[in-house]
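Q: All I have is the shape, not the residue letters:
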């Protein structure tokens, strides 16, 4: 999907000194392919990771590096660059650069441009996961967002980092950054709509320390919530126990059990336009939950009596306050389309998004997904791609869904 919103847009790409700078070359290439005009500004540290010559060859424009460039400053070059851009995209944005920007420093060309511009700025953070989680970094970002209403934060993603650590701090992939950049120039397609999205697993208590659950990470539901908010929707995200940060602009309700999730869902139906059930809800729960920890050898844990949990998406689909669109997810290991069609009829929903959770490349916990969108009239595959791209696909299908039949 080519982001047509970028055609003829002027994007100033700022590159700071992090290992993710190598991705910036592909980012510039993809932005230009999407129709944008791109100029590149590099900090001195960025030049240690990737050469200006590479970025000049890809952008077709000289790369700006120095605040004290005599030829450029004859025409107040930094002011002209600040006025030229429709959007400034800093990718990667290191912890150091974020701190300097928060302090209002202007000790290199890129930070000076950020102070001199009135155009929106987008930061694509990239750093070690401990640096990302450090309270100082989070405080810097929080203050920047409070004083710069047009500031956008793109990412970061979670995964393996150059240092070998695992966690949040990876810069988003260039294709994701291009899509997010394009979204800044699009008319909010879901403006005025209220979406309720469930995500993650549920936990059904056996006793205070044991529970029944599954491997759902919540990533797909959170990606949907994030994309829907970016498309202008009011989003209520009902989440089971996960370790994901709340997407910007999203109202989050944390629950634990299936019964709690159903209660929260029913209470969120007021003026709800679409309900998307991505949560992997436990089918059963213990008939009785012990008040105290069951001691090994003192209780027969092999004979736990189970009772069926409420079917959340089916309940919403039959609810007196049913939204106009109800979407179910089907995590399957075989015969995706057949099971999705069966679920479509049984639950009385408008569409089913099926995916194969037996595959390690797109299953539970993966940052990638491949789905099959199934309605009564069609089935359409998408992927494999990032969960952000899959979320965009699902929301686009949702907007064109005919529920009049």
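A: Cool, got the structure. Just so you know, these numbers come straight off a predicted model, no measurement behind them.
Q: quick one, domains of the protein?
A: 4-183, 194-289+299-399 (automatic domain parsing).
Q: Kindly check the end-to-end length of the longest one for me.
A: Taking CA to CA, to the nearest Å, the span from the opening residue of domain 194-289+299-399 to its closing residue is 13 Å.
Q: so where do the helices sit in the chain?
A: Counting by DSSP state H, the chain has helices at residues 21-33, 52-59, 70-73, 77-84, 95-102, 109-116, 129-133, 135-147, 174-183, 219-230, 258-267, 312-317, 336-347, 387-399.
Q: Can you check which of those helices gets nearest to residue 247?
A: Among the helices of the chain, helix 219-230 comes nearest to residue 247, with 3.7 Å by CB to CB. (C-beta placed from N, C-alpha, C; glycine too.)
Q: coming back round to it: tell me the most buried of the helices of the chain?
A: Of the helices of the chain, the one with the most neighbours on average (mean count of other CB atoms under 10 Å) is helix 219-230, at a mean of 27.
Q: Which among the helices of the chain is found nearest to residue 203?
A: So among those, helix 258-267 is nearest, using CB to CB, at 9.2 Å.
Q: low-confidence ranges in the stretch 301-405 of the chain?
A: 363, 403-405 (pLDDT under 70).
Q: redo that, cut-off 80
A: Along the stretch 301-405 of the chain, the model assigns pLDDT under 80 to residues 301-303, 332-333, 357-367, 402-405.
Q: same deal with the chain?
A: Checking the chain against pLDDT under 80 turns up 1-5, 67-79, 158-167, 186-188, 248, 296-303, 332-333, 357-367, 402-405.
Q: Please spell out which residues along stretch 156-168 are buried.
A: Neighbour-count burial for stretch 156-168, counted by 16 or more other CB atoms under 10 Å, picks out 156, 157, 158, 161, 167, 168.
Q: Repeat that for stretch 298-311.
A: 304, 309, 311.
Q: contacting residues for the first one?
A: It refers to residue 304. Residue 304 makes contact with 206, 286, according to CB atoms under 8 Å, 6 or more residues apart in numbering.
Q: For residue 309, see how far away the residue sitting nearest the centre point of the chain is.
A: The centroid of the chain falls nearest to residue 223 when counting by CA atoms, centre = their mean (3.8 Å). Relative to residue 309, residue 223 is positioned 25 Å away (CB to CB, to the nearest Å).
Q: what's the answer for residue 270, then?
A: 24 Å.
Q: hmm, back to that, quick check, nearest of the buried residues of stretch 298-311 to residue 360?
A: residue 309 (27.4 Å).
Q: Let me know whether residue 287 touches residue 303 as I believe.
A: No: proximity of residue 287 to residue 303 does not meet the contact threshold set by CB atoms under 8 Å, at 11.3 Å.
Q: Would you confirm that residue 86 contacts residue 10?
A: Yes: contact criterion CB under 8 Å: residue 86 and residue 10 qualify, at 4.7 Å.
Q: Those two: who's more crowded?
A: Neighbour tally, residue 86 and residue 10, criterion other CB atoms under 10 Å: the higher count belongs to residue 86, 17 against 14.
Q: can you tell me which residues contact the more buried one?
A: Per CB under 8 Å, 6+ apart, neighbours of residue 86: 9, 10, 11, 119, 185.
Q: mind redoing it with 6 Å?
A: Neighbour list for residue 86: 9, 10 [criterion: CB atoms under 6 Å, 6 or more residues apart in numbering].
Q: try residue 328
A: Contacts of residue 328 by CB under 6 Å, 6+ apart are 277, 313, 343, 347, 349, 352.
Q: Skip the chain neighbours and tell me the closest residue to the first one.
A: By the measure of CB to CB, 6 or more residues apart in numbering, the closest residue to residue 277 outside its immediate chain neighbours is residue 313, 3.9 Å from it.
Q: Can you tell me how far that neighbour is from residue 213?
A: 18 Å.
Q: Please apply the same query to residue 91.
A: In terms of CB to CB, residue 91 sits 37 Å off from residue 213.
Q: same question, residue 173
A: 30 Å.
Q: who has more neighbours, those two?
A: residue 173 (20 against 15).
Q: so the closest residue to the more buried one other than its chain neighbours bridges to which residues?
A: Spatial nearest neighbour of residue 173, chain neighbours left out: residue 386 (6.5 Å); criterion: CB to CB, 6+ apart. Note on residue 386: beta-bridge partners residue 368, judged by DSSP bridges.
Q: Check the gap between residue 104 and residue 116 for me.
A: Look at residue 104 and residue 116: by CB to CB, they are 12 Å apart.
Q: do you know how far the nearest residue to residue 49 once chain neighbours are set aside is from residue 144?
A: Nearest non-adjacent residue to residue 49, counting by CB to CB, 6+ apart: residue 21, 4.0 Å away. Distance of residue 21 to residue 144, computed by CB to CB: 21 Å.
Q: now do residue 83
A: Residue 83 is 22 Å from residue 144, where distance means CB to CB.
Q: what does residue 331 give?
A: Distance check for residue 331 against residue 144: by CB to CB, it reads 38 Å.
Q: just residue 325 next, same as before
A: Taken as CB to CB, the span from residue 325 to residue 144 is 36 Å.
Q: what's near enough to touch the residue nearest to residue 277?
A: Residues near residue 313 by CB under 6 Å, 6+ apart: 277, 328, 347.
Q: is it true that the first one touches residue 199?
A: No: counting by CB atoms under 6 Å, no contact exists between residue 277 and residue 199, whose distance comes to 9.3 Å.
Q: Neighbours of residue 39, how many?
A: Neighbour tally, residue 39, other CB under 10 Å: 21.
Q: What's opposite it in the beta bridge?
A: Beta bridges link residue 39 to residue 12 when assigned by DSSP bridges.
Q: Ok, residue 198 next?
A: Beta-bridge partners, per DSSP bridges, of residue 198: residue 238, residue 277.
Q: Pull up the gap between the residue nearest to residue 390 when sequence neighbours are not counted and residue 328, please.
A: Closest residue to residue 390 apart from its sequence neighbours, by CB to CB, 6+ apart: residue 369 at 4.6 Å. In this view, residue 369 and residue 328 are 16 Å apart by CB to CB.
Q: Thanks a lot, catch you later.
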